[in-house]
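Q: Kindly generate the corresponding structure for this input.
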Amino acid sequence: MKTNRRQFLKATGLAGLGITAAPVATRAAPGGAGEASFKQTQPQRFNMHGYATPKLGTVRIGVIGLGSRGSGALRRLIRIEGAQITALADLKPEAITQALKAIKTHNPNPATYAGGEHEWKKLCERSDVDLVYICTPWALHTPQAVYAMEQGKHAASELPVALTIAQCWQLVETSERTRKHCIILGNQCFGAFELVTLNMARQGFFGDLVHGDGAYNRDLTPLKFRKDKTWFLERDIDRLGALYNIHGIGPIAQKMEINCGDSMEYLSAVTSNDFTMDRKVREMAAKDPFWQPWVGRKFNGNMTACIVRTRRGRTMTFQYDHFSAQAGTKMHVVVGTKAMAMMDPKPSRLFTTERNRWLTDAEFNAVVKQYTPEMSRRVGQSAETVGETTGYDHGGQDTIMDWRMIDCLRNGLPVEQNVYDAAAWSALVELTGWSARHRAASVDVPDFTGGSWQTNRPLMDLALKTGGTTRLI
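A: Numbers count the residues shown, from 1 in each chain. The predicted structure is shown next:
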């Protein structure tokens, strides 16, 4: 019997999401909005932050999901020394066929799994897979990452890795128990400006960090109406909040040393009405009855704006809008007591209190040259070249992200983003939705580190003092 992606999601999307019972902490929401009941913390079984697994000379990779993101990742991974694709899985056999063509000269004859709802589990169970690379629809990210770790594999998942706080805790509990990494992909932490400003922050250029702005505002409405990808439309139904926020959160959170020196304490969020999707669905259904089942459904609002306060008293704001006339803005604003950086809208700029003005182009370029870290110098240009040939690479930064992940695993080093980042950044999906439904009531952000954020040291080895031995081919 033929199975389509919609049936696949229904059959497997919510499987394996059970959470062991644990005490919860609640925070009363102001204005009579009720209480938010999310588990806030628990004793840490094992600290995965800074944990280095034994060296893997060759990192054997199984890729699940070979759509646009998965196929792009596949083409990047085969260009990294020591990365070997040993298995592929996708619901569609034709996706497997296309993937095999793409890698045949670099990585021939991986095992393949297709056509069945649970075939991906066989990939996770293989003895010749060290890392499971997940590029599937959102509802599958947590169950697949958890299952991979249960089978003794590291898991790297596209974002968000989880959709609920319960799923976030399941990822943390599984990673700590199995001592396998859970890495969030697509985190946008390896862009040139993001790395430069991270280096500037660490060297005191901004003074004391006070505030950061992040966003992922981009009109993705046309992509919502692909008949072969209806899950992309359904993900915005019956949900409010910042559903795809990591592009904005990740780089700001790293500069604020979230989970390793600071921690998100609470947030508030508001969401606008839906001004786009209901109308668009009706227009599409009038032309093609295929879209009729989505008429009258409740879509997420156009814009969600969120503000977070950290336990060290700093603030971060994030925006999420995929339906309005947005040109693709991440903002990425860093504000300190001595200086400010702004990436979007272009051109990128720097302001200093010493000059009391925006830097000129020449001054800006001199500062960027001074603070460009070794990581960018060593692989930035090569990664950009690889990215141009692979697609879905965000200007080479996804190549650097994959390269560094493989480099860390090959050299027995801690990975740059771990399960606590995956959980904390993904937690905002449910938390912003709850706050938006309760008139911007504040809601506590769980501490997934069990308090170890106070002693964890920042990761991201910008100087490549360790590792950096892996080549881009």
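
Q: and the closest residue to K121 other than its chain neighbours, what helix or strand is that in?
A: Distance criterion Cβ to Cβ, 6 or more residues apart in numbering; nearest residue to K121, sequence neighbours excluded, is Y147 at 6.2 Å. Where you see a C-beta, it was placed from the backbone N, CA and C, and this is true even at glycine. Assigning secondary structure by DSSP states H and E places Y147 in helix 141-150.

Q: So for that helix, mean pLDDT?
A: On average, the pLDDT along helix 141-150 is 98.

Q: Report the next helix or strand after that helix in sequence order.
A: Counting by DSSP H and E, the element after helix 141-150 in chain order, helix or strand, is strand 154-157.

Q: any idea how far that following strand is from the chain center?
A: 11 Å (Cα atoms, centre = their mean, to the nearest Å).

Q: so the residue nearest to K121 makes contact with H118?
A: No - contact between Y147 and H118 fails when scored by Cβ atoms under 8 Å: they sit 9.8 Å apart.

Q: higher neighbour count, those two?
A: Just comparing Y147 and H118: by other Cβ atoms under 10 Å the higher neighbour count belongs to Y147, 22 against 13.

Q: before we move on, the earlier item: and the helix holding Y147, what does it pack onto?
A: Helices and strands touching helix 141-150, by 3 or more Cβ pairs under 8 Å, 6 or more residues apart in numbering; DSSP states H and E, are helix 119-125, strand 131-134, strand 154-157, helix 165-178.

Q: tell me the most buried of these?
A: strand 154-157 (a mean of 29; mean count of other Cβ atoms under 10 Å).

Q: Does anything pack onto that one? Which helices or strands?
A: strand 131-134, helix 141-150, strand 182-184.

Q: make it 6 Å
A: Counting contacts by 3 or more Cβ pairs under 6 Å, 6 or more residues apart in numbering; DSSP states H and E, strand 154-157 is packed against strand 131-134, helix 141-150.

Q: out of these, which comes closest to S376?
A: strand 131-134 (23.7 Å; Cβ to Cβ).

Q: partners of the closest one, with directions?
A: strand 59-64 (parallel), strand 154-157 (parallel) (DSSP bridges).

Q: what's the longest one in contact with?
A: Right, the one you point to is strand 59-64. With Cβ atoms under 6 Å, 6 or more residues apart in numbering as the test, strand 59-64 has contacts from 70, 74, 82-89, 120, 123, 128-134, 136, 406, 409.

Q: same thing but 8 Å
A: Outside of strand 59-64, the residues within contact range by Cβ atoms under 8 Å, 6 or more residues apart in numbering are 70, 73-74, 77, 82-90, 99, 120, 123-124, 126, 128-136, 144, 153, 406, 409-410.

Q: And the last one, by the same measure?
A: Taking Cβ under 8 Å, 6+ apart as the criterion, the residues outside strand 154-157 that touch it are 53, 130-134, 141, 144-146, 148-149, 180-185, 405, 409, 422.

Q: and that strand, average pLDDT?
A: In the prediction, strand 154-157 has an average pLDDT of 98.

Q: Could you list the low-pLDDT ranges of the stretch 1-150 of the chain?
A: 1-34 (pLDDT under 70).

Q: gap between V59 and D461?
A: According to Cβ to Cβ, to the nearest Å, V59 stands 18 Å off from D461.

Q: neighbour-wise, which of those two wins?
A: Per other Cβ under 10 Å, whichever of V59 and D461 has more neighbours is V59, with 23 against 19.

Q: Look up how far K229 lies from that one.
A: 29 Å.

Q: and if you look at S272?
A: 25 Å.

Q: same question, T469
A: T469 is 39 Å from K229, by Cβ to Cβ.

Q: repeat for G301
A: Counting by Cβ to Cβ, the gap from G301 to K229 is 22 Å.

Q: Repeat that for W403.
A: Distance from W403 to K229, by Cβ to Cβ: 28 Å.
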